[in-house]
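>>> Take a look and give me a structure for this.
(one chain, ligands or ions: 1)
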Amino acid sequence: RGESSESRGALIVFEGLDRSGKTSQCSRLLSYLEGLGHSAELWRFPDRTTTVGQMVSAYLSNDLQLDDHTIHLLFSANRWEKRSMMEAKLRAGTTLLVDRYSYSGVAFSSAKGLDIGWCKAPEAGLLAPDLVLYLDIPPEKAVERGGYGGERYEKLEFQKKVAQCYKVLEDSSWKVIVCFILSFLAIELLTGFLLPTLDLCHLVAHHQESC
Ligand code: FDM
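Residues are numbered from 1 along each chain as shown. As a prediction, the model looks like this:
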């Protein structure tokens with residue numbers, strides 16, 4: 001409040017299945033924005049560098065077994081522990097490009113059969129994204145793209161369920177990008193609608209009411 005909208009950074013979230021191209025698109029967009037003179041940073045969740053993040057990482061690599069609800073709350077806690085830093089960055093005018101966020105949390109846990117309302121609850125109060133770029137790729141194609149590594153969720157049958165769960169989470173902050181096209185047009189396609197969005201960086205410090 002009181003700050004001009006131009007001084008705020010935008011919170012831009014990338015979502016999609018494993019191997020959908022989020023990480024590559026995030027870094028391409030980062031270079032593009034930096035080239036335009038914007039202050040921007042690349043973030044990702046889970047952030048495996050924190051104590052909570054190390055537990056999440058051990059769970060994903062099957063070195064640690066945890067109850068489904070417990071790991072869900074750890075993923076959420078991992079976002080909560082970064083919330084104030086994210087807010088500070090955004091207020092200081094830095095745009096954050098975030099590889100996975102609350103939508104991953106809800107989609108992956110509800111794909112295991114957990115109640116979707118229960119999954120959304122701990123996300124309430126985290127910063128709401130200004131824009132969610134959903135990289136839409138059929139699960140079968142994602143596997144073909146170099147295949148999956150050995151992490152817990154990198155299995156075709158599970159990814160199919162995650163894709164279904166993502167679909168019910170789509171809201172007005174989403175832009176769905178068909179990834180076959182993305183591989184050819186790449187960043188030009190993204191920036192076509194990102195640039196206008198960056199002028200609307202006023203949504204940053206309010207609380208997320210739903211996922
Ligand atoms: N994942 C990620 C979740 O299950 N919940 C979450 O809240 C987040 C952020 O963790 F399979 C899953 C999604 C993915 C795995 O993600 C690790 P990366 O992008 O491969 O690090």
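>>> Would you enumerate the residues in contact with the nearest residue to Ala163 once chain neighbours are set aside?
Distances taken as C-beta to C-beta, 6 or more residues apart in numbering place Pro139 nearest to Ala163, at 5.6 Å, with adjacent residues excluded. C-beta here means a position set from N, CA and C on the backbone, and glycine is covered the same way. Contacts for Pro139 (C-beta atoms under 8 Å, 6 or more residues apart in numbering) come out as Leu17, Leu156, Gln159, Lys160, Val162, Ala163.
>>> Could you tell me how many residues sit around Trp80?
Other residues near Trp80 come to 14 when the count uses other C-beta atoms under 10 Å.
>>> Wait, it touches Glu123, no?
No: Trp80 lies out of contact with Glu123 (C-beta atoms under 8 Å); the separation is 9.2 Å.
>>> I'd assumed Arg44 was in contact with Asp99.
Yes: at 3.8 Å, Asp99 and Arg44 qualify as touching, with contact defined as C-beta under 8 Å.
>>> The two: which has the busier surroundings?
Asp99 (18 against 15).
>>> tell me the pLDDT at the more buried one?
What the model reports as pLDDT for Asp99 is 98.
>>> If it is in a bridge, with which residues?
Phe14, Arg44 (DSSP bridges).
>>> give me every residue that touches it.
In this structure, Asp99 makes contact with Phe14, Lys22, Thr23, Cys26, Leu42, Trp43, Arg44, Phe45, judged by C-beta under 8 Å, 6+ apart.
>>> give me the low-pLDDT residue ranges for this structure?
Where the chain drops to pLDDT under 70, the residues are 1-6, 180-211.
>>> need the residues of it near the ligand, please.
Contact residues (C-beta under 6 Å from any ligand atom) of the chain with the ligand: Asp18, Phe45, Pro46, Leu60, Phe75, Arg100, Ser104, Gly105, Phe108, Tyr153.
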